[in-house]
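Trainee: Please work out how this folds:
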Amino acid sequence: MTVPPTVHRAGDPGKRRAPGTGQQRGAEAGPDLIAMAPTLLMLLGATAILRADALPDTNSSLLPPVNFTVQVTGLAQVLLSWAPNPDQEQRSVRLGYHVRIRGPEEEDYQTRNTESKRVTTLHGGLRASVRTIPWEHPAAPASRWVSAELPAPPGSPGTSAANLTCSTHTAGSPGTRSRPYQVSLRCSWRAGEAAPEDTRYSLYYRYGSRTEECQEYRQDGLRRNVACWFPRTAIDGKGRDWLAVLVNGSSARAAIRPLDRLFALHAIDQVNPPGNVTAEMEGTRLSIEWEKPVSAFPAHCFDYEVKIHSTGTGYFQTGKMTTNKFTSTISDVSKYCVEVRAAVSSVCRETGLWSEWSEPIYVGNERTPWTEWYLISLVAATCSAFSLLLACKTCHLWTKLFPPVPAPKSNIKDFATTADYEKTGSGETESEIISYVEEQGLEALEDLVF
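Mentor: Numbering: from 1, shown residues only. Predicted coordinates:
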């Protein structure tokens, strides 16, 4: 091939252009780049080989774990354990495990450990599965699943307790420095529809590593336990762990199926209402203060709601705050009822239940609508009576309604009447004289002869 004259000339030293031109620099760099090309290709090839070694071999599948078991270790608590497959090749890729639990509470998670302790209800049985995965490359193929199953406890259908509910309540424990607050627990349920009359239910709770059996029960009409009370428990007043509760039973007529449930403490905790609520009025300014509820949580962990209402004027106001003070402007011509309630704030725990309202306190004037109606009725009755008396005097209404009894018109001073009676069988005539004497104050009567 004939080299173009221009290229050839560009490489001829006797015909170089002046220094600094682009054509000269390109001509000088050309041979250097050509010489370096094999070296650059070798470096790029080495980088590609290193990256390929870091990736898992997608052509070879991972092997599943071995010796997978599910073991009950406590009330509503199981331990899942397995071991890496001994035939798995040792490679630089780190391996992990994908776990699935199918039961009343389903879970799906990943871990690098070879055992996992879980909290879950067991009255319906449990099925768990695990497989090997490449920990740093989740998109790569995983091994096949291996599974283990925990069967449901035996028992006749319809015999287990139903509608199990629980609640906790915190009370002060004076003189106890280690635990100044004590948490009580109340649970109730309904006997199963198919439970025999001789069924005897028993309740247990577990919090953390401690399990206790109930000692104080309440019974239904058939003397079956349907409620339980723990005056003191091991439950932490600020705890976040699950509360596990189990109700099992026994009967001579049938096998009683157990029932267990998990409760989140924030969802069943009955918060105490605020204490020492006070309210003062200065003109139209109403100031309200209170103390934090009896609780293991500190003061900054509470939200509050204030309710002010008056049945006389129909006034109603509510307000929410995070402090223990509230000020409002209201009318000073009515009596007001003030109530306050509390809830643990999401700053310290998941949002839960509001407490009951505090005992109502009243502030303001005593004037109420019924006193106003009483005064109006009294004035109206007085006016009506006065008008009636005036009408009677003016129109002689009393005389017309109650006329006087007629009286004799003549004055009788001496009145004599002679009556002759003839007696049967006698010719004699008897004469009787009757005299009437005028009483003082009577009008004169005309002479009458009978």
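
Trainee: In the stretch 151-300 of the chain, where is pLDDT below threshold?
Mentor: By pLDDT under 70, the weakly predicted segments of the stretch 151-300 of the chain are 174-178.

Trainee: which residues in it form strands?
Mentor: 162-172, 181-190, 200-207, 210-213, 217-219, 225-230, 242-250, 259-264, 269-270, 275-282, 285-291 (DSSP state E, counting those that start in this stretch).

Trainee: Report the buried residues of the helix or strand following the last one.
Mentor: With elements assigned by DSSP states H and E, the helix or strand that comes after strand 285-291 is strand 302-309. Neighbour-count burial for strand 302-309, counted by 16 or more other C-beta atoms under 10 Å, picks out Phe302, Asp303, Tyr304, Glu305, Val306, Lys307, Ile308, His309. C-betas here are computed from N, CA, C, even on glycine.

Trainee: Kindly report the same for stretch 150-162.
Mentor: Here stretch 150-162 shows Leu150, Pro153, Gly155, Ser156, Thr159, Ser160, Ala161 as buried, counting by 16+ other C-beta under 10 Å.

Trainee: Reformat those as JSON lines; add distance to Arg91.
Mentor: JSON lines is the format used below for the buried residues of stretch 150-162 (distance: C-beta to C-beta, whole Å):
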{"residue": "Leu150", "distance to Arg91": "34"}
{"residue": "Pro153", "distance to Arg91": "43"}
{"residue": "Gly155", "distance to Arg91": "49"}
{"residue": "Ser156", "distance to Arg91": "53"}
{"residue": "Thr159", "distance to Arg91": "54"}
{"residue": "Ser160", "distance to Arg91": "50"}
{"residue": "Ala161", "distance to Arg91": "53"}
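
Trainee: Which parts of the chain are helices?
Mentor: Secondary structure of the chain by DSSP state H: the helices cover 5-11, 22-54, 265-268, 369-395, 397-401.

Trainee: what residues are up against Glu356?
Mentor: Glu356 sits next to Pro273, Arg341 when contact means C-beta atoms under 8 Å, 6 or more residues apart in numbering.

Trainee: if you set the cut-off to 10 Å instead, what comes out?
Mentor: With contacts defined as C-beta atoms under 10 Å, 6 or more residues apart in numbering, the neighbours of Glu356 are Gln270, Val271, Asn272, Pro273, Glu339, Arg341, Ala342.

Trainee: looking at those, which has the most residues close by?
Mentor: Ala342 (25 neighbours; other C-beta atoms under 10 Å).

Trainee: Surely it is in contact with Asp269?
Mentor: No - assessed by C-beta atoms under 10 Å, Ala342 is found out of contact with Asp269, at 11.6 Å.

Trainee: so what's in contact with the two at the same time?
Mentor: Ser295, Ser355.

Trainee: Turn the strands of the stretch 151-300 of the chain into JSON lines, including distance to Val72.
Mentor: Shown next, in JSON lines, are those (distance: least, C-beta to C-beta, whole Å):
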{"stretch": "strand 162-172", "distance to Val72": "20"}
{"stretch": "strand 181-190", "distance to Val72": "22"}
{"stretch": "strand 200-207", "distance to Val72": "12"}
{"stretch": "strand 210-213", "distance to Val72": "13"}
{"stretch": "strand 217-219", "distance to Val72": "26"}
{"stretch": "strand 225-230", "distance to Val72": "23"}
{"stretch": "strand 242-250", "distance to Val72": "12"}
{"stretch": "strand 259-264", "distance to Val72": "11"}
{"stretch": "strand 269-270", "distance to Val72": "28"}
{"stretch": "strand 275-282", "distance to Val72": "44"}
{"stretch": "strand 285-291", "distance to Val72": "45"}
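
Trainee: Many thanks, have a good one.
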